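K.L.:
One predicted model, sequence on top.
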Amino acid sequence: MTVLVIVGAQWGDEGKGKVVDLLTADAEAVVRFGGGANAGHTLVVDGEKVVFHLVPSAALHKGPRCVLGAGVVIDPKVLVKELDEMRGRGLLPEGRVLISESAHLVLPQHFLIDGLRERGPGAIGTTKRGIGPCYQDRAARRGVRMGDLAHPTEFREKIARNLAAWRPTIEAMGAEVPDAATVADEYLALAPHIVPWVGDVSDALHTARAAGQRILLEGAQGTMLDIDHGTYPFVTSSSVTASGACTGSGLAPTHIDGVIGISKAYTTRVGDGPFPTELHGEAGAALRTAGAEFGATTGRPRRCGWLDVPVLRHAARVNGLTSIALTKLDVLSGLKELQVCVAYEFDGERIDTPPARGLERVKPMYETLPGWSEDISGVRAVADLPEAARNYVSWIERAVGVKASILSIGPGRDQTIVVNDPWT
């Protein structure tokens with residue numbers, strides 16, 4: 001396979017960064033195709049935790065090119081900070097980073113609007129990183145893009161027009177409108193650190209693919225946060241499914257060779273919105289503690305619950321999953337029994353996938369599976385897993401209709417079992 005897509009199969013935070021890091025060893029380019037600095041990929045390398053918000057986690061490898069596609073909305077301050085940090089580690093030499101000239105900039109007014117909205121009754125639990133308002137500007141055709149940074153006069157004009165469009169909203173919410181000249185000066189000061197990396201991502205990726213290079217497309221968030229196929233309106237503002245990988249990178253749908261869905265062995269979500277299998281009280285707290293379930297970007301505690309198979313079936317369908325990477329299997333060690341949601345009761349009927357609306361009204365239908373007591377964090381082969389753990393994985397494969405290619409049994413790079421190499 002030449003082009004692989006990595007997507008979250010739940011509500012995000014599934015461990016995509018670790019899987020990308022693993023597969024990057026055999027890739028020539030890793031592409032972030034959507035989202036912004038509201039997403040965080042956490043890796044543990046040689047006992048040290050590293051968190052990425054924009055730069056693909058491939059930056060920790062010395063070979064692959066790190067690419068930010070047109071579908072990403074970029075906070076230039078975060079980007080420059082991450083690039084500097086990587087260079088400080090002796091990584092990302094000249095030519096190893098490429099940023100789409102069509103990617104949009106997250107501006108101070110976006111942060112302001114996002115924060116103001118989250119104070120009101122319509123709050124949906126965003127990270128307040130300005131992502132939604134930035135995508136709103138993109139759809140309204142008034143956004144400011146990375147390529148504009150190379151043209152200071154035009155950049156200043158676009159900043160002024162953008163602020164003028166937001167002025168009525170900001171003033172109506174009782175806030176002060178940022179000064180256009182100040183915003184332009186602040187961002188243009190960052191331009192020398194960014195503009196040299198900006199170029200035509202679509203052309204570069206097509207050239208790489210034609211040369212037989214392996215390309216990994218890295219998503220943000222998860223399927224249930226997709227703007228079209230998630231738990232609307234409690235979703236992100238971009239297309240986070242495999243189809244979004246095409247629009248966000250410039251590669252064509254016929255160029256995708258495989259799609260890997262990342263799923264935890266249980267379920268979590270951050271922010272508001274329906275969560276059918278959520279565990280409350282001590283049970284939820286215990287799972288959160290065992291899994292260290294706190295947001296990489298915000299530090300917010302994640303809501304935790306049992307594995308939701310209808311969600312995974314939905315993810316398999318809308319993404320066309322060719323395999324699953326099951327993460328945090330080790331967190332379930334020590335539980336005598338595991339509850340798994342196999343379907344929902346919805347308005348008196350059984351349904352096997354989430355409804356487009358009304359998810360808050362469903363009642364999860366559970367099946368009980370045996371757990372295991374053994375510590376599996378040191379296991380490196382499927383055959384060495386406890387029988388109950390192997391059966392749990394097999395049960396999930398049958399229920400979802402997709403085979404597992406990767407099992408993660410700890411946060412470290414080496415705490416991974418590759419069942420089938422996704423590149424082959």
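P.N.:
That came through, no problem.
K.L.:
Which segments of this structure make up each domain?
P.N.:
Following automatic domain parsing, the chain resolves into domains at 3-103+196-259, 106-192, 262-418.
K.L.:
most packed of these?
P.N.:
Greatest average neighbour count among the domains of the chain goes to domain 3-103+196-259 (a mean of 22), per mean count of other C-beta atoms under 10 Å. Every C-beta, even on glycine, is put in place using the N, C-alpha and C of the backbone.
K.L.:
all helices for the stretch 251-400 of the chain, in order.
P.N.:
281-290, 309-319, 387-400 (DSSP state H, counting those that start in this stretch).
K.L.:
where does the stretch 51-200 of the chain dip in pLDDT?
P.N.:
Across the stretch 51-200 of the chain, residues meeting the criterion (pLDDT under 70) sit at 93.
K.L.:
show me where it has strands.
P.N.:
Under the criterion DSSP state E, counting those that start in this stretch, the stretch 51-200 of the chain contains strands at 65-68, 73-74, 97-100, 104-105, 198-199.
K.L.:
what's the answer for the stretch 301-424 of the chain, then?
P.N.:
Using DSSP E, counting those that start in this stretch, strands in the stretch 301-424 of the chain cover 303-305, 307-308, 323-327, 335-346, 349-351, 363-372, 404-408, 416-418.
K.L.:
G410: which of the strands of the stretch 51-200 of the chain is closest?
P.N.:
When the strands of the stretch 51-200 of the chain are compared by C-beta to C-beta, strand 65-68 sits nearest G410, at 25.4 Å.
K.L.:
Pull up the pairing partners for the closest one, direction included.
P.N.:
Partners of strand 65-68 in the sheet, by DSSP bridges, are strand 29-32 (parallel), strand 97-100 (parallel).
K.L.:
who's in contact with it?
P.N.:
Strand 65-68 is contacted from outside by 28-32, 54-56, 58-59, 74, 79, 92, 95-100, 103, 201, 204-205, 208, 249, using C-beta atoms under 8 Å, 6 or more residues apart in numbering.
K.L.:
if you set the cut-off to 6 Å instead, what comes out?
P.N.:
29-32, 55-56, 58-59, 96-99, 103, 201 (C-beta atoms under 6 Å, 6 or more residues apart in numbering).
K.L.:
quick revisit: save the domains of the chain as JSON lines, and put in distance to T424 too.
P.N.:
Output for the domains of the chain, formatted as JSON lines (distance: least, C-beta to C-beta, whole Å):
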{"stretch": "domain 3-103+196-259", "distance to T424": "10"}
{"stretch": "domain 106-192", "distance to T424": "36"}
{"stretch": "domain 262-418", "distance to T424": "10"}
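K.L.:
correct me, but L335 touches G371?
P.N.:
Yes. If you go by C-beta atoms under 6 Å, L335 and G371 touch, sitting 4.0 Å apart.
K.L.:
The residue nearest the centre of the chain - nearest residue in space that isn't next to it in sequence?
P.N.:
Centroid-nearest residue in the chain: A220, 1.9 Å away (criterion: C-alpha atoms, centre = their mean). Nearest residue to A220, sequence neighbours excluded (C-beta to C-beta, 6 or more residues apart in numbering): G35, at 2.9 Å.
K.L.:
Distance check, the one you found against V240.
P.N.:
G35 sits 7 Å away from V240, going by C-beta to C-beta, to the nearest Å.
K.L.:
Mind listing the shared neighbours of those two?
P.N.:
Q221.
K.L.:
so when I look at V50, I'm seeing a helix, right?
P.N.:
No. Counting by DSSP: H, G, I helix; E, B strand; the rest coil, V50 is not found in a helix; it is strand.
K.L.:
what bridges to it?
P.N.:
With DSSP bridges as the rule, V50 is bridged to L43.
K.L.:
which one of the contacts of strand 65-68 is nearest P422?
P.N.:
Nearest to P422 out of the contacts of strand 65-68 is V30 (C-beta to C-beta; 13.8 Å).
K.L.:
does that closest one really touch A58, like I thought?
P.N.:
Yes. The criterion here is C-beta under 6 Å, and V30 meets it with A58 at 3.5 Å.
K.L.:
so what's in contact with those two at the same time?
P.N.:
By C-beta under 6 Å, 6+ apart, V30 and A58 have these common neighbours: T24, P64, C66.
K.L.:
Now do the first one against K336, distance only.
P.N.:
In this view, T24 and K336 are 38 Å apart by C-beta to C-beta.
K.L.:
and what of the second one?
P.N.:
Going from P64 to K336 by C-beta to C-beta gives 43 Å.
K.L.:
same deal with the last one?
P.N.:
Distance from C66 to K336, counting by C-beta to C-beta: 44 Å.
K.L.:
With I406 instead?
P.N.:
In terms of C-beta to C-beta, I406 sits 26 Å off from K336.
K.L.:
swap in I6?
P.N.:
On the measure of C-beta to C-beta, I6 and K336 end up 33 Å apart.
K.L.:
circling back to that earlier point, so which of the strands of the stretch 51-200 of the chain gets nearest V419?
P.N.:
Nearest of the strands of the stretch 51-200 of the chain (C-beta to C-beta): strand 65-68, 27.3 Å.
K.L.:
Return that closest one as CSV; C-alpha atoms alone will do.
P.N.:
Extracted C-alpha coordinates of strand 65-68, given in CSV (Å, rounded to 0.1, in the frame of the first residue of the first chain):
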residue,chain,number,x,y,z
ARG,A,65,8.5,14.8,5.5
CYS,A,66,6.0,16.5,7.8
VAL,A,67,3.1,18.1,5.9
LEU,A,68,0.2,20.4,6.9
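K.L.:
Centre of the chain to that strand, how far?
P.N.:
Relative to the mean C-alpha coordinate of its chain, strand 65-68 is positioned 16 Å out (C-alpha atoms, centre = their mean, to the nearest Å).
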